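Participant: Based on what follows, work out the 3D shape:
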Amino acid sequence: MSLLTKTGGGGSLSALAIDADKDWLGRLIKNLGLPVDDTDALRKQDAVLKAILTEAGQLVYAAAPGVPEVLAPDVGDKYLKAGAPPSWAAVPGGGFWETAADVTLSATSNILEATGIDPAYEILWVLLMSSWTPGSDICLRLNNGAGPYYNCSRYEVGSAFSRNPYDDATQITLAGPGGEGLVFYQFNGFIFQRLSNWRKTFNFTWNHTNSANGSNSHYIHQGYWDNQSSKVTSLRFTTSANYFDAQARLLVLGAR
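Facilitator: A predicted model of the protein is given here:
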């Protein structure tokens, strides 16, 4: 029984056709088998992959032009770091930012302070969240230094614009609004301190929301701390009257 029949003269493949009279068109052609010659391209490729891929999860990369190599899998939260060779690297806890300090009050206090900040950080991102009864300004000192080291300006952005300069001050004075009821505060900003012999420049924003009368205030503080002998290793917020509430939080993130 013939599978193929000649359709014309010559011995070329184009002259062969399936013998439809024997119903070969309705039969499944299978079991053709794998390449049997070890020099066959498909067999060689299969052998190479099986030789280097010995573990589930491996990645193939080029160790050199024409030289395949594998990277073993890793566990945990890792990312693939470019390089020659590539590698698995741990994801930093805060990504680009690392936690330099994190303080949450367990009871009311007129001091909220973060200490032990690594001087290796060249940029500090400072965030404070709190609420308390109004009636006094809040003051900030770097390394609890009384100065006179601080030169800055405080800009109030609201229904009226105002600017208060503070030259050779003993601290950075943040505004505390008057009014009634509980006041909610949010403070954030950056301190730049690339080298120990540089002035530490900063830019802060300070926002208040009064729960009783709905008044809102927005302040911008910019300037520098004229201490050129040390990095910022602590931040102290104080209030002369009333208190930071329990659960007030001071978070400092650092970038190297």
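
Participant: rest of the way, CA atoms for contacts and neighbours
Facilitator: Fine.

Participant: Quick check: can you list the domain ranges of this protein?
Facilitator: Taking automatic domain parsing as the criterion, the chain consists of the domains 41-90, 98-255.

Participant: Can you say which of the ones you listed is packed in most?
Facilitator: domain 98-255 (a mean of 18; mean count of other C-alpha atoms under 10 Å).

Participant: State the distance from residue 150 to residue 204.
Facilitator: Between residue 150 and residue 204 the distance is 14 Å, computed by C-alpha to C-alpha, to the nearest Å.

Participant: again, but for residue 237
Facilitator: Residue 237 sits 13 Å away from residue 204, going by C-alpha to C-alpha.

Participant: now residue 252
Facilitator: For residue 252 relative to residue 204 (C-alpha to C-alpha), the value is 13 Å.

Participant: returning to that earlier point: can you add mean pLDDT and give the domains of the chain back as CSV?
Facilitator: What follows is these, written out as CSV (pLDDT from 0 to 100):
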stretch, mean pLDDT
domain 41-90, 78
domain 98-255, 85
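
Participant: Please enumerate the strands of the stretch 101-250 of the chain.
Facilitator: Using DSSP state E, counting those that start in this stretch, the strands of the stretch 101-250 of the chain run over residues 111-114, 123-132, 138-142, 150-157, 162-169, 172-174, 183-192, 200-210, 216-225, 235-239, 249-255.

Participant: Any idea which of these gets closest to residue 76?
Facilitator: Judged by C-alpha to C-alpha, the one of the strands of the stretch 101-250 of the chain that comes nearest to residue 76 is strand 249-255, at 23.6 Å.

Participant: Parallel or antiparallel, list what pairs with that closest one.
Facilitator: Sheet pairing here is set by DSSP bridges, and for strand 249-255 it gives strand 98-104 (antiparallel), strand 123-132 (antiparallel).

Participant: With distance to residue 115 as added columns, please give those strands in a markdown table.
Facilitator: Output for the strands paired with strand 249-255, formatted as a markdown table (distance: least, C-alpha to C-alpha, whole Å):
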| stretch | distance to residue 115 |
| --- | --- |
| strand 98-104 | 7 |
| strand 123-132 | 13 |
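
Participant: how far does stretch 233-244 stretch from start to finish?
Facilitator: 22 Å.

Participant: how far out from the middle of the chain is it?
Facilitator: 29 Å (C-alpha atoms, centre = their mean, to the nearest Å).

Participant: nearest to residue 46, of the strands of the stretch 101-250 of the chain?
Facilitator: That would be strand 249-255 among the strands of the stretch 101-250 of the chain, by C-alpha to C-alpha, at 47.8 Å.

Participant: Specify the angle between that closest one and strand 235-239 in degrees.
Facilitator: Counting by axes from the mean of the first three to the mean of the last three C-alpha atoms, to 10 degrees, strand 249-255 lies at 160 degrees to strand 235-239.

Participant: hmm, who's touching strand 249-255?
Facilitator: Outside strand 249-255, the residues within contact range by C-alpha atoms under 8 Å, 6 or more residues apart in numbering are 96-105, 112-114, 121-130.

Participant: if you set the cut-off to 7 Å instead, what comes out?
Facilitator: Strand 249-255 is contacted from outside by 96-105, 121-130, using C-alpha atoms under 7 Å, 6 or more residues apart in numbering.

Participant: Please apply the same query to stretch 45-55.
Facilitator: Residues outside stretch 45-55 that contact it (C-alpha under 7 Å, 6+ apart): residue 70.

Participant: repeat that with 6 Å
Facilitator: With C-alpha atoms under 6 Å, 6 or more residues apart in numbering as the test, stretch 45-55 has no contacts from any other residue.

Participant: what's the offset of it from the middle of its chain?
Facilitator: Offset of stretch 45-55 from its chain centre (C-alpha atoms, centre = their mean): 37 Å.

Participant: CA atoms of that stretch as CSV?
Facilitator: Output of stretch 45-55 as CSV, limited to C-alpha atoms (Å, rounded to 0.1, in the frame of the first residue of the first chain):
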residue,chain,number,x,y,z
GLN,A,45,20.6,22.4,20.9
ASP,A,46,18.6,20.1,23.0
ALA,A,47,21.7,18.5,24.5
VAL,A,48,23.3,21.9,25.4
LEU,A,49,20.1,23.1,27.2
LYS,A,50,19.8,19.9,29.1
ALA,A,51,23.4,20.0,30.1
ILE,A,52,23.3,23.6,31.6
LEU,A,53,19.7,23.7,32.9
THR,A,54,19.9,21.4,35.9
GLU,A,55,17.6,23.2,38.3
